[in-house]
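**Q** test case, fold it:
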Amino acid sequence: MFSHRLAWPPRENRLSILLKEKRRRQEPLLDLTESNPTRVGLAYPAARLAEALADPGVTSYDPDPRGLAAAREAVAAFCVRHGQSASPDRLLLTASTSEAYALLFKMLADPGDAILTPRPSYPLFDDLAALEAVRPTPYPIILEHRWQIDLDGLAGLLDGAGPLPPRALVLVNPNNPTGNALRPKERRALEDLCAPRDVAIISDEVFLDYRFETAAGEDIVSMAGARPSEKPSVLSFTLGGLSKSCGLPQMKLGWILMHGPESLVRQAMERLELIADTYLSVGTPVQRAAARLLLMGEEIGEEIRDRVRRNRGALAAAVPQGSSCRLLPADGGWYAVLQVPAVQPEEDLVLGLLGKDGVVVHPGYFFDFPREAFLVLSLLPDPATVAEAIEKILQRVAG
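**A** Residues are numbered from 1 along each chain as shown. Reported below is the predicted structural model:
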């Protein structure tokens with residue numbers, strides 16, 4: 001009676017079972033997996049948010065499958081302020097980044113087609129691909145002096161993934177959780193690889209506003225960023241949204257920004273508009289409030305940036321050079337990757353942290369790291385929680 005797109009029932013592991021029991025008992029936890037900015041003690045302008053959503057225009061319904069013109073104008077202005085090339089006629093609004101992926105997979109791929117996705121990265125891609133009946137094919141993110149795309153490995157996948165090349169390449173910029181971001185040379189290399197093979201690039205840039213300082217000459221760029229001397233040769237879709245850029249996941253507004261050869265952009269917009277018109281999922285209130293929410297979100301985003309930088313600084317100070325642990329380099333994002341001695345399986349380590357210390361962290365295998373042992377830590381929680389959890393982690397590793 002039911003489809004086989006997803007395995008059912010969902011598999012539980014020892015960590016999820018123990019965590020569920022701890023929460024059922026309401027035991028105190030130091031949660032370094034928290035990714036919801038509304039639950040980490042940030043100051044939200046509640047009255048201003050309510051006022052923004054009280055626009056009298058919410059009483060009428062005049063849908064546009066691309067999104068209301070005023071909302072697209074506000075999003076385009078936001079993107080330009082944040083260093084991207086954007087115009088309202090090349091934007092399509094969605095209810096979330098996940099929905100953006102679903103629309104793009106529908107448009108770009110037929111059932112069974114391959115979509116290239118980064119590894120290590122967030123495991124959501126497997127479920128999103130399964131729901132659209134496409135085949136996720138991982139390409140490697142490797143650790144040298146920093147995390148970066150293995151361009152040689154990617155080239156081999158593009159030429160050897162089957163009788164047909166993959167239909168799209170998913171890029172997360174900065175990647176979650178490794179934090180590596182796109183350099184100008186990497187962007188050109190990706191375009192040179194994808195354009196002659198008719199492979200579109202989907203660049204998820206929800207964490208791009210949370211960049212760290214990098215070495216001189218190592219600029220971080222957007223797929224939608226300015227190109228001084230050349231036009232983009234490949235069809236690309238840059239994803240963003242209120243959830244991460246503005247710390248407003250409850251408002252449910254995302255967007256797809258299109259770039260590439262004019263004829264391909266036009267065809268893509270026509271097809272996406274038809275698909276979006278089938279669902280019309282973006283609510284009127286959030287579109288009417290978009291301009292004000294984006295302005296408020298910049299303030300919230302700055303608070304998140306300060307929190308993340310402070311917590312990463314505390315983690316770096318707690319893990320000095322010569323320590324048995326290593327804080328791995330990152331260009332941006334909300335997460336830190338801590339490499340620890342591989343003296344026991346990651347699952348046993350995180351179970352010990354949870355069961356004996358009340359500390360919740362993600363093991364590296366959750367994100368398909370190629371080897372052990374890595375811990376993935378959220379930098380969103382309040383600094384006191386992060387400091388206490390770090391102390392317990394280091395004691396557990398040393399013990």
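
**Q** and the chain, what are its domains?
**A** 14-42+298-398, 47-295 (automatic domain parsing).

**Q** what's the closest of the ones you listed to residue 6?
**A** The minimum distance between residue 6 and those falls on domain 47-295, with 5.5 Å, by C-beta to C-beta. C-betas here are computed from N, CA, C, even on glycine.

**Q** mean confidence for that closest one?
**A** The pLDDT scores in domain 47-295 average 93.

**Q** quick one: terminal-to-terminal distance for it?
**A** End-to-end distance for domain 47-295: 14 Å, by C-alpha to C-alpha, to the nearest Å.

**Q** to residue 1, which of the domains of the chain lies closest?
**A** domain 47-295 (17.7 Å).

**Q** gap between the closest one and the chain center?
**A** With C-alpha atoms, centre = their mean, to the nearest Å as the basis, domain 47-295 stands 10 Å off its chain's centre.

**Q** so where's the longest strand in this structure?
**A** As assigned by DSSP state E, the longest strand anywhere in the chain is strand 135-143.

**Q** break down the chain into its strands, ranges please.
**A** For the chain, strands defined by DSSP E occupy the ranges 30-31, 91-94, 114-119, 135-143, 147-149, 168-172, 200-204, 236-241, 254-259, 326-327, 335-339, 359-360, 362-363, 374-378.

**Q** for the last one, packing partners?
**A** Helices and strands in packing contact with strand 374-378 are listed as strand 335-339, helix 346-357, strand 362-363, helix 383-398; criterion 3 or more C-beta pairs under 8 Å, 6 or more residues apart in numbering; DSSP states H and E.

**Q** what does the last one contact?
**A** Applying C-beta atoms under 8 Å, 6 or more residues apart in numbering, the external contacts of helix 383-398 come out as 30-32, 307, 310-311, 314-315, 318-319, 324-325, 338, 340-341, 349, 352-353, 356-359, 361, 375, 377, 379, 381.

**Q** what sits against residue 248?
**A** Taking C-beta under 8 Å, 6+ apart, we find residue 248 in contact with 242, 293, 296-297, 300.

**Q** identify each buried residue in the longest helix along the chain, please.
**A** As assigned by DSSP state H, the longest helix anywhere in the chain is helix 290-318. Within helix 290-318, the residues that qualify as buried are 290-298, 300-301, 304-305, 307-308, 311-312, 315, 318, counting by 16 or more other C-beta atoms under 10 Å.

**Q** by contact count, what packs against it?
**A** With contacts defined as 3+ C-beta pairs under 8 Å, 6+ apart, helix 290-318 has these neighbours: helix 46-52, helix 69-81, helix 242-245, strand 335-339, helix 383-398.

**Q** could you tell me the angle between the longest one and helix 346-357?
**A** Comparing the axes of helix 383-398 and helix 346-357 via axes from the mean of the first three to the mean of the last three C-alpha atoms, to 10 degrees yields an angle of 120 degrees.

**Q** what about helix 383-398, distance to the chain center?
**A** Helix 383-398 sits 26 Å away from the centroid of its parent chain (C-alpha atoms, centre = their mean).

**Q** model confidence over that helix, on average?
**A** Mean predicted lDDT for helix 383-398 stands at 95.

**Q** just want the angle from it to strand 335-339.
**A** 20 degrees.

**Q** helix 290-318 and helix 383-398, what's the angle between them?
**A** Calculated by the same axes, to 10 degrees, helix 383-398 forms an angle of 40 degrees with helix 290-318.

**Q** no more questions from me, cheers.
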